[in-house]
Each structure stands twice: as structure tokens, then as C-alpha cells.
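Engineer: Provided below are the primary sequence and the corresponding predicted coordinates.
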Amino acid sequence: MDDDELDVELLMHDFRRLIDSEQLPAGRTVIRFTCPALKEFAHWWIVIEESGHRKLCIDNPDKEVEFSFRCNLPTTIEIWAGDTSIAVAKKAELLQVSSNPIHVRTASQWLRLGQLARIRPKR
């Protein structure tokens with residue numbers, strides 16, 4: 001896929017929907033995603049309230065960020081699609097995750113993959 005075919009808004013809406021809040025700390029959780037190469041919409045925040053209500057923001061919600069992901073958009077999509085893992089992207093220095101070390105290690109448990117991630121191309 002070419003970069004102009006990638007849809008960051010759709011991706012972030014799906015991440016907002018897919019996050020397993022049962023695996024996150026109690027209370028409000030704010031997750032920031034940054035795709036520095038994007039000219040527009042390079043920063044996204046997902047706010048998950050204690051009630052479970054989720055909000056996707058393109059403007060800083062001025063709340064403490066518990067998790068911060070910094071990655072290029074193609075790698076973020078590869079993670080969502082199950083084509084690469086958070087661990088592999090981190091090791092290749094394509095992804096930086098900032099948070100409490102325990103939460104960084106468990107990111108792949110609460111940041112679930114897209115619905116089609118387990119469907120592999122026919123050989």
C-alpha cells in the first residue's frame with residue numbers, strides 16, 4: 001500500500017474500539033499515539049474513562065498520559081494487521097513505547113489487533 005492510501009483516522013478509531021480496558025490500570029487512562037512523519041493529524045489521544053466511555057481526540061485533552069506510542073504510520077498499521085508485533089517493532093527501533101515498564105511489557109495484551117489480523121493470505 002502507498003502512504004497516500006493509509007487512513008490514520010480509521011486506524012485510530014479501530015484502536016479506540018479494540019483496546020482491552022480490563023488489562024489497563026483502574027481509573028482514567030490516556031493513550032497518546034504519535035506518527036511524526038504525518039503533516040496533519042500526527043497526534044492522537046484515546047481517553048478511556050473509568051466508566052468505560054472512550055473518546056478519540058486530535059487535540060490534546062490536557063490529561064496525564066499513561067501510555068505513549070511513537071511510530072510511523074506503516075509500522076502502526078502492520079502492528080494492527082498482525083504483520084509485525086509490538087516487540088519486533090520495538091527491537092527494530094520502529095516503535096517507542098513510554099509508560100510504566102510493566103505496562104510496556106503488557107502492551108500486546110491490551111492493544112488488540114484488528115479483526116482481520118489472524119486471517120493470513122492464501123498461499
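Structural biologist: Received, thanks. Residues are numbered from 1 along each chain as shown.
Engineer: all helices in the chain, in order from the N-terminus.
Structural biologist: If you assign secondary structure with DSSP state H, the helices in the chain sit at 8-18, 73-81, 86-91, 101-105, 107-110.
Engineer: In the second one, which residues are buried?
Structural biologist: Residues of helix 73-81 classed as buried by neighbour count (16 or more other C-beta atoms under 10 Å): 73-80. For the C-beta atoms, the positions are set from N, CA and C on the backbone; glycine is no exception.
Engineer: and that helix, what's its mean pLDDT?
Structural biologist: Within the predicted structure, the mean pLDDT of helix 73-81 is 91.
Engineer: what does it rub up against?
Structural biologist: The contact list for helix 73-81 (C-beta atoms under 8 Å, 6 or more residues apart in numbering) reads 1, 3, 6, 8, 11, 14-15, 33, 35, 37-38, 69, 71, 84-86, 89, 94-95, 111, 113-114, 116-117.
Engineer: So which of these are in strands?
Structural biologist: Taking DSSP state E, the ones among the contacts of helix 73-81 that sit in strands are 33, 69, 71, 95.
Engineer: Can you flag the buried ones in the contacts of helix 73-81?
Structural biologist: Among those, those scoring as buried are 6, 8, 11, 14-15, 33, 35, 69, 71, 84, 86, 89, 94-95, 111, 113-114 (criterion: 16+ other C-beta under 10 Å).
Engineer: Tell me the confidence at Ile58?
Structural biologist: The model's pLDDT for Ile58 equals 95.
Engineer: Many thanks, have a good one.
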